[in-house]
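Novice: What follows is a predicted protein model with its sequence.
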Amino acid sequence: MKKHKLPKGFLAGGIHCGAKKKRKDLSLFYSEKPCRVAACFTTNAVKAAPLVLACEQLKKTGGQARAVVVNSGHANCMTGSRGLNDARKMAKTMAGLINVSKDMVLVSSTGVIGVPIPMKPVIKGMKRLVSALSTDGLIDAADGIMTTDFFRKITSRTFVLDGKKIMMTAVGKGAGMIEPNMATMLCYILTDAAVSAGVMKKALSGSVGVSFNALTVDGDMSTNDTVMLLANGAAGNKTVKGRGKDLKVFQENLDSVCIDIARMVARDGEGADKFMEVCVSGARSRKDAGKIAKSVAGSLLVKCAVLGGDPNWGRIASSAGASGVVFDPEKMEIKLDGVTFLRKGSSAAPDKKRITPVFKGKDVLIEINLHGGKAAAVVFSCEISKKYIRMNAHYTT
């Protein structure tokens, strides 16, 4: 198992403070020097208190922060003025413990909507959380942000900018209530690169577009979705600005870690056993390709076919047509796990021996070529299982 490390100048930690019965429920990501921050939040009209506060804080600090404190188990959403006050108290308390301005501590929450955070154990646990900060605290921090996740989600890359070794590490959580835009997920991307604020904002938006906005599990958008990119410049490279080779290298690695976390979220899909990758090519635009891929990946009929190991290409063709995108069905080609089932609008009728293994493995690949253009897009998803239904039928009980 690969051991992921924190970038230079970062510490992390996670503890069980008692807000949840057993699992770790409080985490901290901390930088020894101020970070530039770029963030993407849910587009849901119903937003949790920490997101509202974070937007205020980043505006005040000019997009800088020193730490992010995260509680799991309680979303702190639809909790009224109390919720916003609780988020402010979390930021202020942590700021006092690490000796920074309260606006330099961002807050995230995840869990059940409409239930206030049990603040007593959270506030009491913060001193112990600071003591737990370590260069080896990444796993504990990853565990502390999980809710219904079956496994922690960490990935990292090392690369070179301006002759300096750069590290980028991403930590995420998410399993259900996943639907573009964003997901019911948190993701913190930490890097010791020096990057301009404008580049960070544009680069993160691009990476989210090919990862977390290319992800669907159940069609429900959450209220707490957060992706943050924190760069502290501790590697000492010349600041990456709006053009050149270093920008390309930075973007490629940011795309890569975001896609890694997005794929992990789809694999975790609350009881899911099969990971789905839907690739659409030959479209007139990337937007069209994405709409078709999302329509297929989100179809309950397609998900049921994948669950049952039934390579029902007709459902896939139907879902593509229902996307609202105009294309010529007579040119469409469909491959399932590498086997061609539809070519130029007619059944390719593969033999039974080739069909038998299709949709039977843990990884399912659906490829659709419209043969109408040069654009392509990919969406990640999973099947809907009986375990998913059981989990979400009794989530709060």
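Specialist: Cool, got the structure. Numbering: from 1, shown residues only.
Novice: for the protein, which spans come out with low pLDDT?
Specialist: 1-2, 175-184, 217-221, 269-272, 385-397 (pLDDT under 70).
Novice: hey, where'd the helices end up in it?
Specialist: Under the criterion DSSP state H, helices of the chain are mapped to 49-61, 80-98, 119-131, 138-144, 197-209, 245-268, 286-298, 300-308, 313-321, 352-355, 386-393.
Novice: If you count neighbours, what's buried in the second one?
Specialist: Same thing as helix 80-98. 83-84, 86-91, 93-95, 97-98 (16 or more other Cβ atoms under 10 Å). Quick note: C-beta positions are derived from backbone N, CA and C, even for glycine.
Novice: Please give the centre-to-centre distance between stretch 11-24 and its chain.
Specialist: 21 Å (Cα atoms, centre = their mean, to the nearest Å).
Novice: Beta-bridge partners for residue 167, please?
Specialist: On the basis of DSSP bridges, residue 167 is bridged to residue 158.
Novice: about what we covered before: just the buried residues of helix 80-98 now: which is nearest residue 171?
Specialist: Nearest to residue 171 among those: residue 94, at 17.7 Å, using Cβ to Cβ.
Novice: Now do the contacts for the closest one.
Specialist: Applying Cβ atoms under 8 Å, 6 or more residues apart in numbering, we find residue 94 in contact with 28, 67, 69, 105, 126, 130.
Novice: redo that, cut-off 6 Å
Specialist: By Cβ atoms under 6 Å, 6 or more residues apart in numbering, residue 94 lies in contact with 69, 105, 126.
Novice: By neighbour count, which of these wins?
Specialist: Neighbour count (other Cβ atoms under 10 Å) singles out residue 69 as the most crowded of the contacts of residue 94, with 27 neighbours.
Novice: Please name the residues that touch residue 283.
Specialist: Going by Cβ under 6 Å, 6+ apart, residue 283 touches 289, 370, 373, 375.
Novice: Next up, the contacts around the residue lying closest to it once chain neighbours are set aside.
Specialist: The shortest distance from residue 283 to any non-neighbouring residue, by Cβ to Cβ, 6 or more residues apart in numbering, is to residue 289 (3.7 Å). By Cβ under 6 Å, 6+ apart, the residues touching residue 289 are 280, 283, 375, 376, 377.
Novice: Of the residues you listed, which pair is most distant in space?
Specialist: Taking Cβ to Cβ as the measure, the contacts of residue 289 span a maximum distance of 8.7 Å, between 280 and 375.
Novice: Mind checking which of these two has more residues around it?
Specialist: residue 280 (30 against 17).
Novice: now residue 169, nearest residue through space, not along the chain?
Specialist: Residue 169 sits nearest to residue 156 (Cβ to Cβ, 6+ apart), 4.2 Å away.
Novice: neighbours around that neighbour, how many?
Specialist: 23.
Novice: cool, and the one 10 residues further on?
Specialist: Close neighbours of residue 166, defined as other Cβ under 10 Å, add up to 27.
Novice: gap between it and residue 9?
Specialist: 12 Å (Cβ to Cβ, to the nearest Å).
Novice: ditto for residue 380
Specialist: For residue 380, the distance to residue 9 (Cβ to Cβ) stands at 32 Å.
Novice: correct me, but residue 18 touches residue 120?
Specialist: No. In this structure residue 18 lies outside contact range of residue 120 using Cβ atoms under 6 Å: 8.4 Å.
Novice: Look at the two and report which has more neighbours.
Specialist: Legend: neighbour count by other Cβ under 10 Å for residue 18 and residue 120, higher for residue 18 (15 against 11).
Novice: residues contacting the more buried one?
Specialist: residue 121.
Novice: Around residue 4, count how many other residues there are.
Specialist: Counted with other Cβ under 10 Å, the neighbours of residue 4 add up to 17.
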